[in-house]
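# prediction below, plus the sequence it came from.
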Amino acid sequence: MMKTGKQFKHVLVAVNDSKLGQMALVNAIHQALEDEAKLSIVSVFERDDMSVFDAMSKEKTHAAYADVERALARYKEIAEEAGVKDVQMILAEGEPGPVIVKNIIPQYDVDFVIIGSHSNIGRAPYFGSQSSYVANNAPISVMIVR
């Protein structure tokens, strides 16, 4: 007889506006529904991705931050409409891989992470490095969506 897979209690999905970010969200919604798990949707704001002039401008930084907040609210709505009962948004700042592994996973007691393979969850110049960082350093199961 085959064993059943692990049932997760708290699924974390790292999203951005890329196709892979959206696919990660779809997979996370499916997993959360399957396990009746809590779903946390995280976007990591990377100030380093802004030009020096934009980063120095309070208005530009605020506008970029507000865009990320709006996108997160939209993703939360999508998850709730799909039937996920417990959805929370997390907006963090910094380099996505380390922020997710060192801050978010322990702070929110997450037991499963879903991330797009090129989810730099921002626009870091080195493709896939954030997702591979999470996969190699997270103390929990990680699904990389391609």
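Received it, and whenever you're ready, just let me know what you need.

# only C-alpha atoms for contact and neighbour calcs from this point on.
Noted.

# what segments of the chain are strands?
Residue ranges of the strands in the chain, as given by DSSP state E, are 10-14, 38-45, 87-93, 112-116, 141-145.

# low-confidence ranges in this protein?
Applying pLDDT under 70 to the chain flags the ranges 2-3, 49-55, 119-128.

# circling back to that earlier point, now the strands of the chain in a markdown table, with distance to residue 60?
Below are the strands of the chain laid out as a markdown table (distance: least, CA to CA, whole Å):
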| stretch | distance to residue 60 |
| --- | --- |
| strand 10-14 | 23 |
| strand 38-45 | 13 |
| strand 87-93 | 16 |
| strand 112-116 | 27 |
| strand 141-145 | 31 |
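
# can I get the ones you listed in a markdown table including distance to residue 67 and mean neighbour count?
As requested, the strands of the chain are exported to a markdown table (distance: least, CA to CA, whole Å; neighbours: other CA atoms under 10 Å):
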| stretch | distance to residue 67 | mean neighbour count |
| --- | --- | --- |
| strand 10-14 | 16 | 27 |
| strand 38-45 | 10 | 23 |
| strand 87-93 | 11 | 16 |
| strand 112-116 | 20 | 26 |
| strand 141-145 | 24 | 18 |
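
# quick one, which of those gets closest to residue 21.
strand 112-116 (5.4 Å; CA to CA).

# give me the sheet partners of that closest one and which way each runs.
Strand 112-116 has the following strand partners under DSSP bridges: strand 10-14 (parallel), strand 141-145 (parallel).

# what does the first one contact?
Contact partners of strand 10-14, identified using CA atoms under 8 Å, 6 or more residues apart in numbering, comprise 21, 24-25, 28, 31-32, 37-43, 109-116, 119, 121.

# for residue 130, find the nearest of the strands of the chain.
Of all the strands of the chain, it is strand 112-116 that lies closest to residue 130, at 9.1 Å by CA to CA.

# how far off centre is that closest one?
7 Å (CA atoms, centre = their mean, to the nearest Å).

# equivalent analysis for stretch 73-82, please.
14 Å.
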